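Peer 1: Here is a sequence with its predicted model. Questions after.
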Amino acid sequence: MHHIDSRVMDFTCNAVYDKYAWAIDIHDAIIVDCEAVGYAREQYANMINNVYNDRKSILQNYFRSINIPASKQGEWKEVMSKVEPVEDTFKCSPMVLK
(Lines give C-alpha, C1' and ligand atoms only; values in the text may rest on other atoms or scores of the structure.)
Protein backbone atom coordinates (compact mmCIF):
# COMPACT_ATOMS: atom_id res chain seq x y z
CA MET A 1 0.00 0.00 0.00
CA HIS A 2 2.85 2.39 0.77
CA HIS A 3 4.11 1.86 -2.74
CA ILE A 4 1.09 3.61 -4.28
CA ASP A 5 2.21 7.11 -3.29
CA SER A 6 5.66 6.52 -4.80
CA ARG A 7 4.07 5.29 -8.03
CA VAL A 8 1.96 8.47 -8.17
CA MET A 9 5.08 10.60 -7.77
CA ASP A 10 7.05 8.47 -10.27
CA PHE A 11 4.32 8.98 -12.86
CA THR A 12 4.18 12.70 -12.14
CA CYS A 13 7.94 13.12 -12.34
CA ASN A 14 8.17 11.11 -15.57
CA ALA A 15 5.35 13.11 -17.18
CA VAL A 16 6.98 16.41 -16.24
CA TYR A 17 10.39 15.19 -17.36
CA ASP A 18 8.98 14.04 -20.70
CA LYS A 19 7.42 17.44 -21.33
CA TYR A 20 9.93 19.82 -19.73
CA ALA A 21 13.14 17.70 -19.66
CA TRP A 22 13.78 18.39 -15.98
CA ALA A 23 12.24 17.20 -12.71
CA ILE A 24 13.50 15.75 -9.44
CA ASP A 25 11.22 13.83 -7.10
CA ILE A 26 12.00 13.57 -3.40
CA HIS A 27 9.62 11.20 -1.61
CA ASP A 28 6.24 12.95 -1.95
CA ALA A 29 7.57 16.23 -3.35
CA ILE A 30 8.84 17.31 -6.74
CA ILE A 31 11.24 20.02 -7.80
CA VAL A 32 10.42 21.48 -11.20
CA ASP A 33 11.11 24.56 -13.27
CA CYS A 34 8.58 27.32 -12.62
CA GLU A 35 7.11 26.80 -16.10
CA ALA A 36 6.26 23.19 -15.20
CA VAL A 37 4.48 23.82 -11.90
CA GLY A 38 0.91 23.84 -13.25
CA TYR A 39 1.51 20.76 -15.37
CA ALA A 40 3.10 18.87 -12.45
CA ARG A 41 0.13 19.70 -10.23
CA GLU A 42 -2.35 18.57 -12.91
CA GLN A 43 -0.54 15.28 -13.44
CA TYR A 44 -0.33 14.60 -9.70
CA ALA A 45 -4.02 15.39 -9.16
CA ASN A 46 -5.00 13.16 -12.09
CA MET A 47 -3.07 10.26 -10.58
CA ILE A 48 -4.67 10.79 -7.16
CA ASN A 49 -8.07 10.78 -8.88
CA ASN A 50 -7.14 7.50 -10.57
CA VAL A 51 -6.16 5.96 -7.23
CA TYR A 52 -9.46 7.10 -5.73
CA ASN A 53 -11.45 5.70 -8.65
CA ASP A 54 -9.59 2.37 -8.49
CA ARG A 55 -9.55 2.15 -4.69
CA LYS A 56 -11.75 -0.94 -4.47
CA SER A 57 -9.68 -3.02 -6.86
CA ILE A 58 -6.46 -1.72 -5.29
CA LEU A 59 -7.64 -2.92 -1.87
CA GLN A 60 -8.86 -6.26 -3.25
CA ASN A 61 -5.52 -6.87 -4.91
CA TYR A 62 -3.70 -5.86 -1.74
CA PHE A 63 -5.79 -8.22 0.38
CA ARG A 64 -5.12 -11.00 -2.10
CA SER A 65 -1.38 -10.27 -2.06
CA ILE A 66 -1.18 -10.67 1.72
CA ASN A 67 -3.43 -13.75 1.70
CA ILE A 68 -6.47 -12.38 3.50
CA PRO A 69 -9.11 -15.08 2.97
CA ALA A 70 -12.58 -14.39 1.60
CA SER A 71 -13.97 -15.53 4.97
CA LYS A 72 -12.80 -12.21 6.42
CA GLN A 73 -15.11 -10.19 4.14
CA GLY A 74 -17.59 -9.76 6.99
CA GLU A 75 -14.99 -8.13 9.19
CA TRP A 76 -13.98 -5.79 6.36
CA LYS A 77 -17.62 -4.83 5.76
CA GLU A 78 -17.92 -4.02 9.46
CA VAL A 79 -14.91 -1.70 9.24
CA MET A 80 -16.26 -0.06 6.08
CA SER A 81 -19.62 0.56 7.75
CA LYS A 82 -17.81 2.94 10.09
CA VAL A 83 -16.19 4.92 7.28
CA GLU A 84 -17.95 8.11 6.30
CA PRO A 85 -17.92 8.26 2.50
CA VAL A 86 -17.20 11.36 0.46
CA GLU A 87 -20.57 13.04 -0.06
CA ASP A 88 -19.84 14.65 -3.41
CA THR A 89 -17.87 13.34 -6.33
CA PHE A 90 -14.22 13.29 -5.32
CA LYS A 91 -11.99 15.50 -7.42
CA CYS A 92 -8.44 16.12 -6.25
CA SER A 93 -7.33 19.73 -6.44
CA PRO A 94 -4.07 20.33 -8.30
CA MET A 95 -3.10 22.58 -5.39
CA VAL A 96 -2.67 19.51 -3.20
CA LEU A 97 0.86 19.26 -4.58
CA LYS A 98 2.86 22.14 -3.15
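Peer 2: All right, it came through fine.
Peer 1: And the pLDDT for the most far-flung residue of the chain relative to its centre?
Peer 2: In the chain, counting by C-alpha atoms, centre = their mean, S71 sits farthest out from the average C-alpha position, at 28.2 Å. On pLDDT, S71 comes in at 85.
Peer 1: Run through the residues that contact it.
Peer 2: Going by C-beta atoms under 8 Å, 6 or more residues apart in numbering, S71 touches no other residue. C-betas here are computed from N, CA, C, even on glycine.
Peer 1: Need the three-state assignment for I30.
Peer 2: strand (DSSP: H, G, I helix; E, B strand; the rest coil).
Peer 1: So what sits opposite it in the bridge?
Peer 2: D25 (DSSP bridges).
Peer 1: Can you check the pLDDT for it?
Peer 2: So I30 comes in at 94 (pLDDT).
Peer 1: Could you pick out the longest helix of the chain?
Peer 2: Criterion DSSP state H: the longest helix present in the chain is helix 2-20.
Peer 1: Are there helices or strands packed against that one, and which ones?
Peer 2: Packing partners of helix 2-20 (3 or more C-beta pairs under 8 Å, 6 or more residues apart in numbering; DSSP states H and E): strand 24-26, strand 29-31, helix 37-53.
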